[in-house]
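Participant: Provide a 3D model corresponding to the input given below.
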Amino acid sequence: MKRWVYPIILALSSAFLGRFLLYGTPNPHVVQFLVYVLVGLSAYAWFVYRLWGGVFIAAHNLVYIFSVWIYSDNRLYLTILIFLAGYSFVAYRLKRRYIQRCLHYEQSMTLMNEQSTEKELLYRQAESVRKALGRKYNRYHELQSIAEALTSLNDVQSVANLVVKRVFQLIGKSDACYLKLLSSETHELELAAVLPNDEDYVQPSNINDQFEHYVLKHQRPLLIEDVKKDFRFSFAGGRLSRVRSVMACPIVPGQSVAGVLLLESSQPDSYGQDDLRLLDILMDLSGVALTNAQLFERTQHLATTDGLTELMLRRPFMEELNEAIYRSEKSGDSFALLMLDVDHFKKYNDTFGHMAGDLILKTLGTIIEESIPENALAARFGGEEFSVIVPNVDHEKVLQLAENLRRNIESKFKEGRGRLKRKVTVSIGVALYPKQGHSDLELIRSADQQLYAAKHAGRNRVCMPS
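Facilitator: All right, here's what the predicted structure looks like:
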């Protein structure tokens with residue numbers, strides 16, 4: 001039964017009983033029926049309405065039934081009245097207990113919901129922490145792989161390329177990444193590696209030095225979330241107008257800065273403090289690797305280069321000579337070996353001293369480097385004797401090259417090259433592979449014979465077998 005039907009029936013029953021109490025009725029069975037209806041409505045009220053609604057309905061019906069009992073003086077109504085009063089009291093107690101239990105359950109459910117919400121919040125926090133730890137673990141794992149990769153590299157350029165590539169991948173969010181190293185000769189930052197490797201980023205005119213010079217001067221990392229809001233730097237048009245976020249870090253392997261790595265993005269707020277800390281760690285690793293590579297290159301340079309003339313030493317030159325023979329055997333191309341010796345060098349030393357002799361040798365090494373082709377290789381073979389390997393030449397070309405070299409040495413010393421303005425000449429012997437020899441010793445012996453022939457022929461000349 002719908003809730004709105006209940007008050008209609010209650011009102012009609014009450015109206016009939018009221019009319020009976022006021023005017024009486026010829027049929028007592030109707031009154032009994034209405035009394036039973038009120039008893040049923042009282043029982044039903046405890047299920048339909050709340051506690052005080054059921055109390056009100058029960059009290060209302062008790063009053064009506066009590067009035068009917070007084071009016072009719074019928075024991076049946078008294079029994080019904082007592083039954084209804086007892087039933088209402090029991091129903092009241094049960095309803096009250098039921099409501100209390102419902103409130104208790106409701107409070108328990110509320111508490112459980114709060115606990116569930118709290119646990120869900122804790123789970124989300126734990127999941128967030130887990131993801132953050134996962135990202136950190138992946139980054140530190142990447143750092144370990146970068147460190148292992150850096151330890152296997154011995155040259156500066158390879159280290160620079162690897163650092164730029166891995167930083168560009170690991171940090172992400174960047175449009176370009178630059179690595180500049182401080183030159184020991186010019187004491188200026190020079191571009192060592194860049195990504196992406198296209199003309200817009202590689203051209204020096206498009207590379208802004210403000211950030212690098214700032215980091216170089218202060219020797220600490222730089223993070224700019226939005227360059228348009230940073231008063232420390234000024235910006236022109238072109239590519240720089242697209243730069244919004246910048247992150248740069250110095251490479252400090254020891255007490256001084258060795259270089260600067262810079263990341264730039266066209267979006268503002270691209271980088272955060274976590275990115276800067278990670279970049280700082282990467283630069284510590286890179287600084288050690290760059291220092292080791294520079295030391296290795298310096299050691300290798302000292303081991304293979306003559307300290308006076310800056311030309312190759314004899315032992316590595318012999319290795320290069322064997323490599324040239326091997327390449328020529330495979331390709332079928334010929335190459336030439338030139339042996340040069342300074343004429344009357346002992347006389348220079350005895351007359352002007354060994355310091356002047358060293359200056360002649362140093363100047364001679366510079367002239368030889370300037371006079372030979374780029375693919376040629378020169379070495380100080382021993383004392384005042386020099387050797388040159390010239391690949392991919394025939395008889396006529398190498399003879400012309402040797403003659404030009406001899407004339408350059410003679411003329412530049414006459415001009416006062418290297419603060420020497422005296423006559424310095426050389427004798428040159430030439431041997432061609434494979435015509436004058438198939439091994440390194442045969443080629444050297446043939447070139448030496450031609451050198452001695454030039455000496456015996458009056459010096460300051462080139463000799464080569466026809």
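Participant: CA atoms for contacts and neighbours, from now on please.
Facilitator: Will do.
Participant: just checking, what packs against the helix or strand hosting residue 366?
Facilitator: Using DSSP states H and E, residue 366 falls within helix 354-371. When contacts are defined as 3 or more CA pairs under 8 Å, 6 or more residues apart in numbering; DSSP states H and E, helix 354-371 packs onto helix 345-352, helix 395-414.
Participant: so where do the helices sit in the stretch 151-300 of the chain?
Facilitator: 156-171, 199-202, 210-218, 273-304 (DSSP state H, counting those that start in this stretch).
Participant: in JSON lines: the ones you listed, plus distance to residue 397.
Facilitator: Output for the helices of the stretch 151-300 of the chain, formatted as JSON lines (distance: least, CA to CA, whole Å):
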{"stretch": "helix 156-171", "distance to residue 397": "35"}
{"stretch": "helix 199-202", "distance to residue 397": "38"}
{"stretch": "helix 210-218", "distance to residue 397": "48"}
{"stretch": "helix 273-304", "distance to residue 397": "29"}
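Participant: for residue 104, see how far away residue 97 is.
Facilitator: Distance of residue 97 to residue 104, computed by CA to CA, to the nearest Å: 10 Å.
Participant: what's near enough to touch the nearest residue to residue 191 once chain neighbours are set aside?
Facilitator: Spatial nearest neighbour of residue 191, chain neighbours left out: residue 180 (4.4 Å); criterion: CA to CA, 6 or more residues apart in numbering. Each residue near residue 180 by CA atoms under 8 Å, 6 or more residues apart in numbering is listed here: 189, 190, 191, 192, 193, 259, 260, 261.
Participant: what about 7 Å?
Facilitator: 189, 190, 191, 192, 259, 260, 261 (CA atoms under 7 Å, 6 or more residues apart in numbering).
Participant: what's the per-residue pLDDT of the fourth one here?
Facilitator: Looking at residue 192, its pLDDT is 87.
Participant: that one against residue 181, yeah?
Facilitator: Yes. Using CA atoms under 7 Å, residue 192 is in contact with residue 181, at 6.3 Å.
Participant: neighbour count for these two, which is higher?
Facilitator: residue 181 (22 against 19; other CA atoms under 10 Å).
Participant: what's the spacing between that one and residue 262?
Facilitator: 12 Å.
Participant: residue 268 too?
Facilitator: 16 Å.
Participant: got it, and residue 326?
Facilitator: 44 Å.
Participant: of the two, who's got more company?
Facilitator: In this view residue 326 and residue 262 are compared by other CA under 10 Å, and residue 262 has more residues nearby, 25 against 13.
Participant: for the nearest residue in space to the more buried one that is not next to it in sequence, what are its contacts?
Facilitator: Closest residue to residue 262 apart from its sequence neighbours, by CA to CA, 6+ apart: residue 248 at 4.2 Å. Counting by CA under 7 Å, 6+ apart, residue 248 makes contact with 221, 222, 223, 260, 261, 262, 263.
Participant: ok, now how distant is residue 248 from residue 157?
Facilitator: Residue 248 is 20 Å from residue 157, by CA to CA.
Participant: cool, and residue 115?
Facilitator: From residue 115 to residue 157 the distance is 59 Å (CA to CA).
Participant: dihedrals phi and psi, the residue lying closest to residue 410 once chain neighbours are set aside?
Facilitator: Sequence neighbours aside, residue 425 is the residue nearest to residue 410 in space, at 5.3 Å (criterion: CA to CA, 6+ apart). With angles defined as degrees, to the nearest 10, residue 425 sits at phi -130, psi 160.
Participant: now do the one 5 residues further on
Facilitator: Reported as degrees, to the nearest 10, the phi and psi values for residue 430 are phi -120, psi 140.
Participant: follow-up on the earlier one: residue 115 and residue 157: who's more crowded?
Facilitator: The neighbour comparison of residue 115 against residue 157 (other CA under 10 Å) goes to residue 157, with 15 against 12.
Participant: quick one: the strands in this structure?
Facilitator: Listed in chain order, the strands of the chain (DSSP state E) span 176-182, 189-195, 222-224, 245-251, 259-265, 335-342, 377-382, 385-391, 426-433, 462-463.
Participant: for the record, mean pLDDT for the first one?
Facilitator: Taken as a whole, strand 176-182 has a mean pLDDT of 88.
Participant: now that strand against strand 189-195, angle please.
Facilitator: Strand 176-182 and strand 189-195 meet at an angle of 150 degrees, taking axes from the mean of the first three to the mean of the last three CA atoms, to 10 degrees as the criterion.
Participant: send over strand 176-182 as CSV, restricted to the C-alpha atoms.
Facilitator: Output in CSV follows, covering the C-alpha atoms of strand 176-182 (Å, rounded to 0.1, in the frame of the first residue of the first chain):
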residue,chain,number,x,y,z
ALA,A,176,68.2,20.9,-28.8
CYS,A,177,71.2,19.9,-26.7
TYR,A,178,74.7,21.4,-26.9
LEU,A,179,78.0,20.5,-25.4
LYS,A,180,80.8,23.1,-25.5
LEU,A,181,84.3,22.4,-24.3
LEU,A,182,86.8,25.0,-23.2
